[in-house]
Each structure stands twice: as structure tokens, then as C-alpha cells.
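Peer 1: Any chance you could fold what I've pasted below:
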Amino acid sequence: MAHHFANEIPPHLSMWQRVRQYAVPPSMIETATARRAAGDWAGACAAARVDVDLDLRAVRNRHGTELLTRLRADLRRLAPDLLRWHMPRIAPDGRLRPGLTLSLVRYERDAITPLHLVVRTPPAWADAGQRMSLALWDGALAATAGRRYAAPHPHPHPDRRFRLDLHRHLWDASRSGELGLRSGAGGVTSPEPGWATGRWAPEAELLLRAEGLPRGAFAVRLGARGHRAAFALVAPDAGHAPTLRPLGDALPPREVAALPVLPEAAARTLPDLELLRAGLVTSGCLHPLVAAALPMFAAQPSAAGQAPKPADPHRVECRGEVHRIALRDGVLTAVDHDPDQLRREELLVAFGGPPLPCLRAIDSVHRSPEALPAVRERLGHGDVTGALAVVEGLLGTGAVLRDGPLRDALESAAARRVNHGLFRAGLVSGDAGAWARSGTGRGSADDADYGDDGDDGRRGPGAARRKAARRPRIDRHTPVMTRRERGTRFRPRTGLAC
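Peer 2: Presented below is the predicted three-dimensional model:
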């Protein structure tokens, strides 16, 4: 049953509603699914904007054919579009959590140095396109090579809190049907919104079993400031289901920090469940594999077939009459004016005269259309194709962009892709984001400062003060073009380089 909110939608649900609408477009899901069904796992990753940093021949030479066979089987079962659907995100924009290394599979070789199939997200200053990368993390190489291994990523080690090796149903197409059971969709709603407390005991049992512990204590991170609550998993005997017992302050903070951490995917309620229960989305708006795993919500009316029809021509009051503005030959034009009259009016405007209301409306649509928020959302989530399709649907395929917010948004998205290219090429280290934030990065509103971010991605209270006090330094990691731009002085008025 859908819950209705008296005042307004909670911020986290509003964020997830936008994420489900823009982050994984249907075209991506269709292309990735078709390629995966044909056995082309690399093509499916390319469709889902996942870069493959795997050399299967090197894996065979170093780890043997047995492990290579297991790796290939997992890659064939990988649904990269489903993985993107369930990736951790941060508020308020719903972008991928930056600088994250997330374990998908753990290949046990020995008890000390396991091998992980991981997916990585770039740091915040290089997250243009919202691309991810698939790689193999070797604990033995990381221990010997130190931080330089897997450079230039800032956090190459698999994260303890964000991990999907215990939740294959969130990325494995062959096990996606387990989502309903593992998320508690058919059970009682948790009394604490956002937290799947009813599933903590069975999920903790899986966690401790993976760590080689039949029973014991574990920790759950609560809130945005790193507070961890400790619980003990207890059961009278093997025939009874385990239950949780809060430990409170029985353990010192250091021991709590060393406990196994319940993964975020198990600690929190599945966002799709919250959206469905609140009536903010329908099953037809979900990923097909997710919708198939939640049949109890299939009876809700789907909005998938209710695509908006092409809008009627814009109507503008011009010189006492109602005129139409529509696309003609790929260009937005005033159809009720003669072409010769429009050329004369455009010349008059060029000499400083007042424009016609029709021309004023066309100029306004070119500079700041009503669909600008949707274009920005698509660009923010890396869907450049979808953003350009919206622009072409509004202005036509032959339109020339004019100065304004729309052109600024498109140019900013294109410029930020350069940062991601530099990061992928290793020309800028994962820690050298200061120069990007000062010149070509996102800007102060979207910067992510590790150590100051909360659980929702907001910056800590001292981040702005530290950023103002920190001055970007030009060193050997700074790209050549950036060093030239900052090291070149110009003479006044002449503009000649000194």
C-alpha cells in the first residue's frame, strides 16, 4: 500500500526518484541486455559506461587457468546496467559515490591475500560522465607495491562498508531473483525509516560466515559521522534463528572499529522498495530485473506506456494576434511570419531595435528552455546522448546554440570530460584534485573533500575554511597545458606574452 506524505516528499526519496529517472536510461538497459544475452560481456560494460581494466591473459599467466575460468564465468553473469542501478550514491544530486573501490567477487587463494573483482568510481573532480571501471585487485601486489599499485585511484583497497561480494543479486543477472527475499520485500516494514533492521540478523550471519566466524559481534554504521553501533549475534543452539543483542558501550571504540562491518546494502532499506511503498514510482519504471524480482508490486498501474506526446507548437501573443512557434526544417521558427519579414526583424534587432514577441520567445527557448533542469540532470548522470536528444527535440537538429544557461551547461559538461580523461590516462594522480577544483573541476558547490563528507555527501563545517586556506600547487603531476596557462604572464592592453 502506498504511503502519502502530508507536506512534502522526504529529501532522500526525492533524490532516489530523480536517480531512477535519469541515472540508468532505458536505452542503456536495452543495449547492455542485448549484448550480455549475446555473450558479449565487454560490449555490455561499454554500453553501461564501465571501463574494463582487465587483462585476461595476464590473469591466466599469474593465477592459472582455474581462476581465469571462474573469472570469465562471473564476467558473463555480470549485468553492468544492474550494477549501476544499485551502486552507492550521495546526496543531493544522486551522483555515484566518488573514490570508491567496491568488491564484487572474492576469490580465495589463501587466508592472507585474497583476490577481488572490483568496480571503481573516479574521484569527485574527475567524475564527468559518471563512468566506472572494472578491475582485479590483488592483495599480494598491493602489499608489496604500496599506494602506487592501481594508481591513480585514491582508494584502491576494497571498501569494508560498501561491498557486493555478499550481495550477488545486485549485479549477477542469474541471481537477481533473490532480491525480493534478501531485501525483505514480503516482510513487515521496518519501524525505523531507511533501515532494514528486520534483516540485520540473517545478513550478519552471512557476513560472519564469510569472515570465518560462526557467531560473534559485528558493527553497523549509523548516521553520517561514522558512529558505529555494536551488536552480538546469538542463538540458543543451531536449530534456532539467530537474534541480535546490542552491546552498547561494552566494547571500547578501538575494538568496535575492528569488528566486521555490516555492508550498506544489508543495513539500509532498498531504495526501490521505499519508492514503491511511497507511490513515487511504479514497477514499470524500475529495471526489468528488479521489477521481476518484486512481483508483489506488479499490480500497480505502470507509467511506462504513458510517454508524453510531442508538444503542440508554442503560442505567443504577437501584435494583437496569437502566433505559433514550431520546428520547420530542423529549426525553431515563427511559422506565422513571412521569411522576408523575419529577416528584416532580425536585422532591426542587430542594430538595437526591439524584437518581435515571436523572436523574443525563440531566443528565450534557445538560451534557457523549460527543459533545462532535465538536461542538467541527464548531463550530471553522464547521459550526454539523452541530453542532446532533449535539446534537439526542443530546438531542432539544425539549431545554433546561443549564449545562456543551456550553452553553459553543455560546454561545462564537455570541459569536465577532459579531467576524467587525464585521470584515466594517469596524467594527474588521484590526490591531485586541487588544481582541477580551482580551475576546471566541478566548482565549489559539488566538490567532494574526503574526510569532510558525511554519509549524504555534504561537506563538513570546516571544509570551506580549509579549502580557502589551501592554495593549489603546480608540480610535476600538473598537466603541461595547465602549467603553461598559469606560468604565462601577459602585458597590459597588448596581450603579448612576456
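Peer 1: Show me the strands in the stretch 251-400 of the chain, by range?
Peer 2: Assigned by DSSP state E, counting those that start in this stretch, the stretch 251-400 of the chain shows strands spanning 314-318, 321-328, 331-334.
Peer 1: Name the stretch among these that sits most buried.
Peer 2: strand 331-334 (a mean of 20; mean count of other Cβ atoms under 10 Å). In this view, the C-beta of every residue, glycine as well, is placed from N, C-alpha and C.
Peer 1: Quick check: bridge partners of residue 232?
Peer 2: residue 217, residue 245 (DSSP bridges).
Peer 1: wait, which of the strands of the stretch 251-400 of the chain is closest to residue 340?
Peer 2: Closest to residue 340 of those is strand 331-334 (Cβ to Cβ; 12.6 Å).
Peer 1: quick one: strands adjacent to that closest one?
Peer 2: Using DSSP bridges, the strands paired with strand 331-334 are strand 321-328 (antiparallel).
Peer 1: Contacts for the strand it pairs with, please.
Peer 2: With contact meaning Cβ atoms under 8 Å, 6 or more residues apart in numbering, strand 321-328 is reached by 313-317, 332-337, 357-358, 361-362, 365, 396.
Peer 1: quick one: pLDDT of residue 166?
Peer 2: At residue 166, the predicted lDDT confidence score is 95.
Peer 1: Likewise for the one 10 residues further on?
Peer 2: Looking at residue 176, its pLDDT is 94.
Peer 1: my guess is it meets residue 169, correct?
Peer 2: Yes. With contact defined as Cβ atoms under 8 Å, residue 176 and residue 169 form a contacting pair (5.5 Å).
Peer 1: Identify the contacts common to these two.
Peer 2: Jointly contacting residue 176 and residue 169 under the rule Cβ under 8 Å, 6+ apart are residue 293.
Peer 1: Contacts for whatever helix or strand residue 106 lives in, please.
Peer 2: According to DSSP states H and E, residue 106 maps onto strand 101-107. Residues outside strand 101-107 that contact it (Cβ under 8 Å, 6+ apart) are 67, 70-71, 74, 78, 83, 87-88, 114-121, 137, 153, 155-159, 162-165, 168, 171, 210.
Peer 1: Among those residues, name the ones in helices.
Peer 2: Of these, the ones assigned to helices by DSSP state H are 67, 70, 71, 74, 83, 210.
Peer 1: what's the closest non-adjacent residue to the first one?
Peer 2: Spatial nearest neighbour of residue 67, excluding adjacent residues (Cβ to Cβ, 6 or more residues apart in numbering): residue 107 at 5.9 Å.
Peer 1: Pull the number of nearby residues for that neighbour.
Peer 2: 17 (other Cβ atoms under 10 Å).
Peer 1: does residue 222 have beta-bridge partners, and which?
Peer 2: Per DSSP bridges, the residues bridged to residue 222 are residue 227.
Peer 1: meant to ask about residue 138, not that
Peer 2: Counting by DSSP bridges, residue 138 forms beta bridges with residue 115.
Peer 1: Sort out which residues of the lengthiest helix in the chain are buried, please.
Peer 2: The longest helix of the chain (DSSP H) is helix 405-425. Using 16 or more other Cβ atoms under 10 Å as the test for burial, helix 405-425 gives 406, 407, 409, 410, 413, 416, 419, 420, 422, 423, 424.
Peer 1: What is the nearest of those to residue 351?
Peer 2: The shortest gap between residue 351 and any of the buried residues of helix 405-425 belongs to residue 407, at 23.9 Å (Cβ to Cβ).
Peer 1: Buried only: go through the contacts of strand 101-107 for me.
Peer 2: So, by 16+ other Cβ under 10 Å, the buried ones in the contacts of strand 101-107 are 67, 71, 74, 78, 83, 87-88, 114-121, 137, 153, 155-159, 162-165, 168, 171.
Peer 1: Okay, and which of those map to strands?
Peer 2: Members of those lying in strands (criterion: DSSP state E): 115, 116, 117, 118, 119, 120, 137.
Peer 1: before we move on, the earlier item: just the CA coordinates of the strand holding residue 106, formatted as PDB?
Peer 2: These are the backbone C-alpha positions of strand 101-107, laid out as PDB (Å, rounded to 0.1, in the frame of the first residue of the first chain):
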ATOM      1  CA  THR A 101      36.500   0.600  -4.700                       C
ATOM      2  CA  LEU A 102      33.700  -1.900  -4.300                       C
ATOM      3  CA  SER A 103      34.300  -5.700  -4.200                       C
ATOM      4  CA  LEU A 104      32.000  -7.800  -6.400                       C
ATOM      5  CA  VAL A 105      33.700 -11.300  -6.000                       C
ATOM      6  CA  ARG A 106      36.300 -12.600  -3.600                       C
ATOM      7  CA  TYR A 107      38.500 -15.400  -4.900                       C
END
